[in-house]
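Asker: Please find the sequence and the predicted model below.
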Amino acid sequence: MKKFLPLVSALALAFLLFVSLGSECESIVGGAPTNLNVVAATDTTVKITWSAPAEGTPDKYIVYFKAVNAGSFEIVANNITTTEFVHNPGGKTGTYKVASLFGSQEYQSLTTVSTVPIATSALTVAELNAAGNSGYGWDRTSGTGATYSMTQAANAALVDFYITDFQTTTYSIASPDLGPSDPGNVVPTGSWRVNAIAGPLASDQNPLPAHNPSVYFNYQDITQTPFLAAIYTQDGYYTLTKLDGFNPGQKTYQVSGWFQLVKGLRLIQH
């Protein structure tokens, strides 16, 4: 019997070691990706980037996309082993999230990133020589639009277009840098933005026209209402403007706007 005891002890030790290792394996956990970001890969595709979980390197990443007005997220990539992915959304905008996969366990990011343009409800914008603000511009951080007076040089860095009749009978949407030479003669000299305008557009949901000198000009005559105009800003953003509700007595339009916060991306579906 004495010779059998070491074998029993060895088996017991092996069993305890197996249990211990099993417990350690069961205690290994993963984590979710962090620091999600989205930029334009091209003017119609996006690149999503993220940071690896602090808990370690996952087996792979899964990228989810929920198109604007869609009911749920769908998987657009499920075998990513790097921390970036380029997505062609086929003209759609939407929201992205990323998950990491450790074994069979999925950990989804706590934050999302979006390409849905920021909408600003209709604001009253007046013709340059009428009563009221004739300038309109978007905040580059929030994406919201606001109206501004074109008679103050301090507003030059805030305005993306203004409305004028150039002292004729036709109303136009114009780049701010035309203000100081406008025959309305109320815009002071200043560092007004040099923006480009295309229109009228056929749809407010399709990707905006790619910036091209043969399509975008420093002003466009407002030939109909509603009038849809794409604006490519001096600092490289795409925006959509809708002019409607013309009041001939007040010389005003009701202006709605959509600002694409992803610089250089011309997707505008909303």
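Answerer: Looks like it arrived, so ask away.

Asker: Now stretch 139-151: buried residues?
Answerer: Neighbour counts over stretch 139-151 (16 or more other Cβ atoms under 10 Å) mark 143, 145, 146, 147, 148, 149, 150 as buried. The way it works is simple: take the backbone N, C-alpha and C, and place the C-beta from them, glycine included.

Asker: ugh, wrong one, stretch 32-46
Answerer: 32, 33, 36, 38, 40, 41, 44, 46.

Asker: pLDDT at residue 29, what is it?
Answerer: On pLDDT, residue 29 comes in at 83.

Asker: and residue 259, bridged to which residues?
Answerer: Judged by DSSP bridges, the bridge partners of residue 259 are residue 118, residue 239.

Asker: just to revisit the earlier point, just put the buried residues of stretch 139-151 in CSV and tack on secondary structure.
Answerer: Shown next, in CSV, are the buried residues of stretch 139-151 (DSSP: H, G, I helix; E, B strand; the rest coil):
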residue, secondary structure
143, coil
145, strand
146, strand
147, strand
148, strand
149, coil
150, coil
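
Asker: Surely residue 199 touches residue 229?
Answerer: Yes - if you go by Cβ atoms under 8 Å, residue 199 and residue 229 touch, sitting 3.6 Å apart.

Asker: Can you give me the distance of residue 93 to residue 240?
Answerer: When Cβ to Cβ, to the nearest Å is the yardstick, residue 93 and residue 240 sit 12 Å from each other.

Asker: Revised request: answer the last question for residue 83.
Answerer: For residue 83, the distance to residue 240 - Cβ to Cβ - is 32 Å.

Asker: How about residue 33?
Answerer: Residue 33 is 32 Å from residue 240, by Cβ to Cβ.

Asker: thought residue 205 was touching residue 270?
Answerer: Yes - taking contacts as Cβ under 8 Å, residue 205 lies within contact range of residue 270: 7.3 Å.

Asker: give the contact list for residue 186.
Answerer: Residues near residue 186 by Cβ atoms under 8 Å, 6 or more residues apart in numbering: 128, 129, 150, 151.
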